[in-house]
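Novice: Give the three-dimensional model of this entry:
(one chain, ligands or ions: 1)
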Amino acid sequence: MPENSYEKTLSSLGVNDSIGVSWLFVELRRQFTSELADAVKKNEWARVRDRWMRSGNPIVEQLEKNWVKPTPPELQEYVLRQLQGFRAFVGIRLQAGYPLEHAEGRGPNWIENEFLKLQTAFDNELAGCLNEQDLGVTKIDWMGRKSGVLGLITETWLKPSPSDLKPVVGQELNKLRKHVESQLELRIAAAEAGAEEEDHVDLSLPGVVRALGSRHLIRQVFQEIEDIFFSIGFSVVEGPEIETPYYNFEALNIPEFHPVRDDMDTFYMELPKGTPGQLLLRTHTSPMQIRTMEKQKPPVRVIVPGRVYRRDNPDATHSFAFHQVEGLAVDSDITFCDFTGTIEYFVKQFFGPSVKTRFRPSYFPFTEPSVEFDVSCVFCGGSGTTASGTCGKCKGAGWIELFGAGMVDPAVYGFVGYDPKKVSGFAFGIGIDRLAMLKYGIDDIQAFFQNDVRFLKQFP
Ligand code: DAH
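Specialist: I've put the predicted structure just below:
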């Protein structure tokens, strides 16, 4: 660093940032400290005081003029703060280096008061420390062996003090030393603890936050239907999605070349060569009628929720996988009236009491007679028209086809060992996707399978 840096501007010293500025001040402190130590020995305290603080053109004023004033605003504030700190530094040392002989006649009170001022100066300096580095500088400033304030006081006050004042100076100096030491220790320990906290790396993985989902709308509709049938004495059974042709077709009175098999074109498993028979993805839940009756004697009252498969091309109303709830009731005295009553009860529970129902004759190989079951259109109230004209949902018919059903064909009982003369019953197969679409106003069956959260979230 050039001599007499305080006579030059920062820019001519090539300093343009805070790091450069703080180095300049470090250097200034060193210069002042050694000058003062020298002067104290030579009894030239007053000269140092004048040169730095007091008369003519003292250095602190030159600093103000050359370092603060011409400096661009972004750095100016920093320089100003450094200068304030430096003023305090010089002030404290000048006070501490003040030769005691000048204090003659002022007695112990004066001494106590001087020490109190020093302690306050120390407290202020400590309060201004922002980090461990600042604390380190303050520690050296006060406790440094060569030029620390405490050392300076020992040299200038304690050693040369007259014997009557020595005990007071010694006592006050001790008090100040203890204060400085303990306060610094406290602050340094706190800063180290803080730094440790900051450095502490938490190696544990954050816990897994499991988002709570909701049941898929199809599951919810299954549940609604199950609850309705539970209330009238049905129970739930489930069966395999991979079936044999026997259960899927033959035992349901659909022999190999029956034309309805065309409607149920489906996926067959590729089995290892030589495996006898075939396996297929079930085309409906009806096979569970057979499996249930094989297993238990009448009375039977079951519903069968499940997924079924057909080789349909996907569009707004078709999907290769969809859902059904099969129903079967077989007992010794079940009539067509029980059948229609049960179906009506279910539909009114599901859609509300105001819907009307109707049967149309239909055909299924495993029921006789067979019906197609319709419900009055839930969109236009059965009128076939809406405010904007013909109802698009029922195409003006006022009715919507809901599901197939019928009285169990006596031929089916032959496959499960029931006596067709003693038992009778009814069966139905409800397409769940369609039902859910009607009830919840969904116009594309694909929405059930895309798992788009924006869709799913609408049915919490
Ligand atoms: N299994 C038929 C289908 O998937 C639906 C069906 C109709 C089931 C009439 C029945 C029934 O139990 O009696 O097309």
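Novice: measure residue 166 to the ligand for me?
Specialist: 113 Å (Cβ to the nearest ligand atom, to the nearest Å). Every C-beta, even on glycine, is put in place using the N, C-alpha and C of the backbone.
Novice: tell me the secondary structure for the closest residue to the ligand within the stretch 351-460 of the chain?
Specialist: Per Cβ to the nearest ligand atom, residue 429 is where the stretch 351-460 of the chain lies closest to the ligand, at 2.4 Å. Taken by DSSP: H, G, I helix; E, B strand; the rest coil, the conformation at residue 429 corresponds to strand.
Novice: which ones are touching it?
Specialist: 284-286, 324-327, 403-405 (Cβ atoms under 8 Å, 6 or more residues apart in numbering).
Novice: beta partners of it?
Specialist: Beta-bridge pairing for residue 429 (DSSP bridges): residue 326, residue 404.
Novice: Run through the residues that contact the residue lying closest to residue 331 once chain neighbours are set aside.
Specialist: Nearest-residue entry for residue 331: residue 299, 4.1 Å, with adjacent residues in sequence omitted and distances by Cβ to Cβ, 6 or more residues apart in numbering. Residue 299 makes contact with 329-332, according to Cβ under 8 Å, 6+ apart.
Novice: Next one: the residue of the stretch 201-350 of the chain found nearest the ligand from residue 304, what distance?
Specialist: Using Cβ to the nearest ligand atom, the closest approach of the stretch 201-350 of the chain to the ligand is made by residue 284 at 3.3 Å. According to Cβ to Cβ, to the nearest Å, residue 284 stands 10 Å off from residue 304.
Novice: Those two: which has the busier surroundings?
Specialist: Shown here are residue 284 and residue 304; by other Cβ atoms under 10 Å, residue 284 has more neighbours (25 against 22).
Novice: For that one, give me phi and psi.
Specialist: phi -160, psi 170 (degrees, to the nearest 10).
Novice: That one contacts residue 326, correct?
Specialist: Yes - in terms of Cβ atoms under 8 Å, residue 284 counts as a neighbour of residue 326; the distance is 7.3 Å.
Novice: Could you tell me which residues of this protein lie near the ligand?
Specialist: Contact residues, the chain versus the ligand (Cβ under 6 Å from any ligand atom): 284, 286, 326, 364, 367, 404-406, 427-429.
Novice: residues contacting residue 289?
Specialist: Here residue 289 is in contact with 252, 304, 326, 328, 366, 408, 412, 427 (criterion: Cβ under 8 Å, 6+ apart).
Novice: I'd like these written out as a markdown table, with distance to residue 219 and secondary structure added.
Specialist: Converted to a markdown table, those look like this (distance: Cβ to Cβ, whole Å; DSSP: H, G, I helix; E, B strand; the rest coil):
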| residue | distance to residue 219 | secondary structure |
| --- | --- | --- |
| 252 | 27 | helix |
| 304 | 15 | strand |
| 326 | 17 | strand |
| 328 | 22 | strand |
| 366 | 27 | coil |
| 408 | 28 | strand |
| 412 | 30 | helix |
| 427 | 23 | strand |
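Novice: would a markdown table of these with pLDDT be doable?
Specialist: Below are those laid out as a markdown table (pLDDT from 0 to 100):
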| residue | pLDDT |
| --- | --- |
| 252 | 94 |
| 304 | 97 |
| 326 | 97 |
| 328 | 97 |
| 366 | 95 |
| 408 | 96 |
| 412 | 95 |
| 427 | 97 |
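Novice: and the closest residue in space to residue 442 that isn't next to it in sequence, how far is that from residue 145?
Specialist: Leaving aside its chain neighbours, residue 442 sits nearest to residue 436 (6.7 Å; criterion: Cβ to Cβ, 6+ apart). Separation of residue 436 from residue 145 (Cβ to Cβ): 87 Å.
Novice: more neighbours, those two?
Specialist: residue 436 (23 against 8).
Novice: In terms of secondary structure, what does the host helix or strand of that one contact?
Specialist: Taking DSSP states H and E as the criterion, the element that holds residue 436 is helix 432-440. Where contact means 3 or more Cβ pairs under 8 Å, 6 or more residues apart in numbering; DSSP states H and E, helix 432-440 is packed against helix 217-230, strand 321-331, helix 336-351, strand 399-408.
Novice: Quick check: buried residues in the longest one?
Specialist: By 16 or more other Cβ atoms under 10 Å, the buried positions in helix 336-351 come out as 338-340, 342-343, 346-351.
Novice: could those go into CSV alongside pLDDT?
Specialist: What follows is these, written out as CSV (pLDDT from 0 to 100):
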residue, pLDDT
338, 94
339, 94
340, 93
342, 94
343, 93
346, 94
347, 92
348, 92
349, 92
350, 92
351, 89
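Novice: domain ranges for this protein?
Specialist: As assigned by automatic domain parsing, the chain contains the domains 5-198, 217-456.
Novice: Of all those domains, which one comes closest to residue 206?
Specialist: Among the domains of the chain, the nearest to residue 206 by Cβ to Cβ is domain 5-198 (18.8 Å).
Novice: and the closest one, how far apart are its ends?
Specialist: End-to-end distance for domain 5-198, by Cα to Cα, to the nearest Å: 39 Å.
Novice: thinking again about what came up before, per-stretch mean pLDDT over the domains of the chain, give me the minimum one.
Specialist: Among these, domain 5-198 carries the lowest mean pLDDT, a mean of 85.
Novice: Okay, buried residues for the lengthiest helix in the chain please.
Specialist: Taking DSSP state H as the assignment, the helix of the chain that covers the most residues is helix 166-199. By 16+ other Cβ under 10 Å, the buried positions in helix 166-199 come out as 168-169, 172-173, 176, 180, 183-184, 187-188, 191.
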